[in-house]
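1. Okay, predicted coordinates and the sequence, questions at the end:
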Amino acid sequence: MDYKTSEPIVGPRSEDTLPASAAAAVKIVIVGGFGVGKTTMVGSVSEIRPLTTEETMTQAGVGVDDIAGVERKTETTVAMDFGRISLNEQLVLYLFGTPGQERFWFLWNGLFEGALGAVVLIDTRRLEVSFDVLGRLEERGVPFVVAINAFPGAPDHPVGRLRAALDLPDSVPIVDCDARDRASSRDTLLSLVRYLQHLTTATPETP
Ligand SMILES: Nc1nc2c(ncn2[C@@H]2O[C@H](COP(=O)(O)OP(=O)(O)OP(=O)(O)O)[C@@H](O)[C@H]2O)c(=O)[nH]1
Ligand SMILES: [Mg+2]
């Protein structure tokens, strides 16, 4: 058989290779309602070029997705985002961003498989887009932290009121973040990892 000569096979770029010291890799899901900044967060924090599956928004979302506050948004995730960050020399997080449009939520099953925890991004201008997301996450029993993504003009609710509005137990951490900012997104992931560590070391309360 005749094969055409193609581009030479190039090895992984140095940024794509894991450090030899990496001892644990953990799958984390970035989840939230439509347009809350999931793709932005994976992109800002990833140390490898992120994989995105953004497509131009179609009429299918009209009347379904609440775009108030994100009117200028033209693209939406149709499958997943993927990125990676080494939190330290041993611990590597694999990040999977979910699609926000409800018609793609069936993909959650695969994206959550094997995930140890989740970051739930919320936009305080549109809290209602988070209700179903949180409900579905609680059903799955995946531990999560809630990260308030800073959008311009977003109401600055006191944490207690936000916790009540979202019906979150006191144990669930709520943190501020700016998904566009690498350090802030990294801090959010650190909060999740600390929370996961706390859950594994905390002794169950005796009745
Ligand atoms: N001001 C501000 N804008 C943000 C922030 N995070 C994201 N954005 C903007 O908000 C819009 C939506 O961000 P995306 O990252 O696409 O949101 P998403 O949650 O992935 O959206 P879907 O995949 O469609 O659900 C984009 O135009 C971002 O530039 C933020 O922290 N602050
Ligand atoms: Mg997205």
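-> Looks like it arrived, so ask away. Ligands and ions are numbered 1, 2, ... in the order given.
2. How far away from the center of its chain is stretch 104-117?
-> 11 Å (Cα atoms, centre = their mean, to the nearest Å).
3. check whether it contacts ligand 2.
-> No - applying Cβ under 5 Å from the ion, one finds stretch 104-117 separated from ligand 2 by no less than 9.8 Å. For every residue, glycine as well, the C-beta is placed using N, CA and C.
4. quick one: contacts of the helix or strand where residue 197 lies?
-> In this assignment (DSSP states H and E), residue 197 forms part of helix 182-201. Applying Cβ atoms under 8 Å, 6 or more residues apart in numbering, the external contacts of helix 182-201 come out as 26, 28, 41, 44-45, 85, 87, 91, 93, 95, 116-119, 143-145, 147, 173, 175-179.
5. Buried residues of it, list them for me.
-> Residues of helix 182-201 classed as buried: 182, 184-189, 191-193, 195-196 (neighbour count, 16 or more other Cβ atoms under 10 Å).
6. Can you tell me which residue is spatially central in this protein?
-> residue 30 (1.4 Å; Cα atoms, centre = their mean).
7. mean confidence for the helix holding residue 197?
-> Here helix 182-201 scores 96 as its mean pLDDT.
8. can you tell me how far the residue of the chain found nearest ligand 1 sits from residue 183?
-> Across the chain, the shortest distance to ligand 1 (Cβ to the nearest ligand atom) belongs to residue 100, at 1.9 Å. Separation of residue 100 from residue 183 (Cβ to Cβ, to the nearest Å) stands at 24 Å.
9. now do residue 34
-> With Cβ to Cβ as the criterion, residue 34 and residue 183 are 26 Å apart.
10. Sheet-wise, list the partners of the strand ranked longest in the chain with their directions.
-> Assignment by DSSP state E gives strand 24-32 as the longest strand of the chain. Strands that pair with strand 24-32, judged by DSSP bridges, come out as strand 91-97 (parallel), strand 117-122 (parallel).
11. Please identify the most buried of those.
-> Mean neighbour count (mean count of other Cβ atoms under 10 Å) peaks for strand 117-122 among those, with a mean of 24.
12. Same list (the buried residues of helix 182-201) but as a markdown table, adding distance to residue 22.
-> Shown next, in a markdown table, are the buried residues of helix 182-201 (distance: Cβ to Cβ, whole Å):
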| residue | distance to residue 22 |
| --- | --- |
| 182 | 20 |
| 184 | 24 |
| 185 | 20 |
| 186 | 17 |
| 187 | 21 |
| 188 | 21 |
| 189 | 16 |
| 191 | 21 |
| 192 | 18 |
| 193 | 15 |
| 195 | 22 |
| 196 | 18 |
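13. Which residues of the chain lie near ligand 1?
-> Selection of the chain residues close to ligand 1 by Cβ under 6 Å from any ligand atom yields 32, 34-40, 70, 73, 76-77, 99-100, 149-152, 178-180.
14. give me that answer again for 8 Å
-> 32-41, 43, 54, 57, 65, 70, 72-73, 75-77, 81, 97-101, 121, 149-152, 177-181 (Cβ under 8 Å from any ligand atom).
15. Low-confidence bits of the chain, can you list those?
-> Scanning the chain with the threshold set as pLDDT under 70 gives 1-16, 59-69, 203-207.
16. Good, wrapping up.
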